[in-house]
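[1] Sequence and predicted structure are below.
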Amino acid sequence: MDVAETVRQYFEKDIVERAFKQIKGALSLRPIRMWLKSHVNGHVRVCYLSYAVLSMLAYRIRDIGISPQEALEKLKTGYMVHLKDREGDFSWSRVVNLEKIQDDILEKVGVVGEKVGKS
């Protein structure tokens, strides 16, 4: 490689390093030591999928003004009740007690449903 290409590729590694840093922060990942190729491949795929989800979340909530990590933190206290009758054809779901920011996040990512007990 020539000098310009080497410098360009060196600085492009920062993109990957920032992505892994973002994944580690949001998912609270610790160092993982693996030696089998299949385990390394699996770990990289999970990290890639996690980063894709974080990127999609960042894109969808960009106009709310919070980071994907903040959005995940806000969603920790929300919950949904889902009832399903295995014998019949009955299913019922309700999102319960959402704060406005939680409702906004879920709306932006396309999670819709009937809401009960908004706070």
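    Looks like it came in fine.
[2] And for the strand or helix carrying H43, what's in contact with it?
    Using DSSP states H and E, H43 sits in helix 37-60. Helix 37-60 has contacts (C-beta atoms under 8 Å, 6 or more residues apart in numbering) with 19-20, 22-23, 26-27, 29, 32, 34, 67-69, 71-72, 108-110. C-beta coordinates here come from the backbone N, C-alpha and C atoms, glycine included.
[3] so what secondary structure elements neighbour the next helix or strand after that helix?
    On the C-terminal side of helix 37-60, the closest following helix or strand by DSSP H and E is helix 68-75. Contact partners of helix 68-75 among helices and strands, from 3 or more C-beta pairs under 8 Å, 6 or more residues apart in numbering; DSSP states H and E: helix 3-27, helix 37-60, helix 100-108.
[4] Same list, the ones you listed, but as a markdown table with mean neighbour count please.
    Output for the helices and strands packed on helix 68-75, formatted as a markdown table (neighbours: other C-beta atoms under 10 Å):
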| stretch | mean neighbour count |
| --- | --- |
| helix 3-27 | 12 |
| helix 37-60 | 13 |
| helix 100-108 | 17 |
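[5] which one of those lies closest to K76?
    Set against K76 and scored by C-beta to C-beta, these come closest in helix 100-108, at 9.5 Å.
[6] Extract the C-alpha trace of that closest one and format it as CSV.
    C-alpha atoms of helix 100-108 as CSV (Å, rounded to 0.1, in the frame of the first residue of the first chain):
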residue,chain,number,x,y,z
LYS,A,100,-44.3,10.4,27.7
ILE,A,101,-40.7,9.9,26.6
GLN,A,102,-41.2,6.1,26.7
ASP,A,103,-44.3,6.5,24.6
ASP,A,104,-42.4,8.8,22.1
ILE,A,105,-39.6,6.2,21.7
LEU,A,106,-41.9,3.3,21.1
GLU,A,107,-43.9,5.4,18.6
LYS,A,108,-40.8,6.3,16.7
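[7] what pLDDT, on average, does that helix get?
    Average pLDDT, helix 100-108: 90.
[8] Pull out the buried residues from stretch 86-105.
    Within stretch 86-105, the residues that count as buried by 16 or more other C-beta atoms under 10 Å are 95, 98, 101-105.
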